[in-house]
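K.L.:
Fold the following for me, if possible:
(one chain, ligands or ions: 2)
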Amino acid sequence: MATAPYNYSYIFKYIIIGDMGVGKSYLLHQFTEKKFMADCPHTIGVEFGTRIIEVSGQKIKLQIWDTAGQERLRAVTRSYYRGAAGALMVYDITRRSTYNHLSSWLTDARNLTNPNTVIILIGNKADLEAQRDVTYEEAKQFAEENEDAFLEAAKKIYQNIQDGSLDLNVAESGVQHKPSAPQGGRLTSEPQPQREGCGC
Ligand code: GDP
Ligand code: MG
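P.N.:
Residues are numbered from 1 along each chain as shown. Ligands and ions are numbered 1, 2, ... in the order given. Down below sits the predicted model:
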């Protein structure tokens, strides 16, 4: 497995954080499986999905970890922040409490990731405009469209690699370089998911 050629040059680890019910699991499944799931049970623990995207002609595999939003599991999910290149912080535009809790999510993200981790805010459920509880204006400097947010984060991470501000030799960088020629390359194995996909 470790010697197989890769059809991508990098793996970026992302985490998705935010209160329960804001749509983290849906974002993951929409992005990684290109479908919208009707009855996804509440996430227990952590799972991840992957998708290969292209940034500046480079194929990049996004490994996106979905954390459980439950407060009681917060200690468990904290261990998944380590090594994240990108953190997608999600709130629900129809529930102000989920917006108000962003500061504590941001504190966790800042404390438990490295200084180069790119943190992007997503105001989710934008289709429910009539029930909006957080104005666009107050969140506009942070809010990103869902799929754009994943791509924007990847562009910024790639930019950090290009300009040398992200040191790939540091274990917590959240990025693994995968040279296209497999011979002689030192390869690290990917963490195995507890389960891949929602299964619902
Ligand atoms: P999580 O706890 O953050 O993982 O949230 P889920 O992904 O389980 O979503 C919680 C609920 O929000 C589900 O019942 C979804 O139907 C709903 N939901 C998620 N994303 C959207 C969205 O963009 N629009 C609308 N209208 N509902 C959404
Ligand atoms: Mg979930």
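K.L.:
list the buried ones in the longest helix seen in the chain?
P.N.:
Across the chain, the longest stretch assigned as helix under DSSP state H is helix 146-162. Buried residues in helix 146-162, counted by 16 or more other Cβ atoms under 10 Å: 146, 149-158, 160-161. The way it works is simple: take the backbone N, C-alpha and C, and place the C-beta from them, glycine included.
K.L.:
what's the answer for stretch 85-101, then?
P.N.:
Under 16+ other Cβ under 10 Å, the buried positions of stretch 85-101 are 85-95, 98-99, 101.
K.L.:
Just the closest of those to ligand 1, please.
P.N.:
Comparing those against ligand 1 with Cβ to the nearest ligand atom picks out Val90 as the nearest, at 6.6 Å.
K.L.:
Skip the chain neighbours and tell me the closest residue to the closest one.
P.N.:
Spatial nearest neighbour of Val90, excluding adjacent residues (Cβ to Cβ, 6 or more residues apart in numbering): Gly18 at 3.6 Å.
K.L.:
Likewise for Leu106?
P.N.:
That would be Met89: by Cβ to Cβ, 6+ apart, it lies 6.5 Å from Leu106.
K.L.:
before we move on, what SS does the one you found have?
P.N.:
Three-state assignment for Met89 (DSSP: H, G, I helix; E, B strand; the rest coil): strand.
K.L.:
Might one say that it is in contact with Gly18?
P.N.:
Yes - Met89 lies in contact with Gly18 (Cβ atoms under 8 Å); the separation is 5.8 Å.
K.L.:
Ile119 is in what secondary structure piece?
P.N.:
Assessed by DSSP states H and E, Ile119 sits inside strand 118-124.
K.L.:
out of the buried residues of helix 146-162, who's nearest ligand 1?
P.N.:
So of the buried residues of helix 146-162, ranked by how close each gets to ligand 1 (Cβ to the nearest ligand atom), first place is Asn146, at 7.5 Å.
K.L.:
Quick check, Tyr81 in contact with Lys13.
P.N.:
No - using Cβ under 8 Å, Tyr81 makes no contact with Lys13, being 10.0 Å away.
K.L.:
Name the residue in these two with the higher neighbour count.
P.N.:
Lys13 (26 against 22; other Cβ atoms under 10 Å).
K.L.:
quick one: that one from ligand 1, how far?
P.N.:
Relative to ligand 1, Lys13 is positioned 18 Å away (Cβ to the nearest ligand atom, to the nearest Å).
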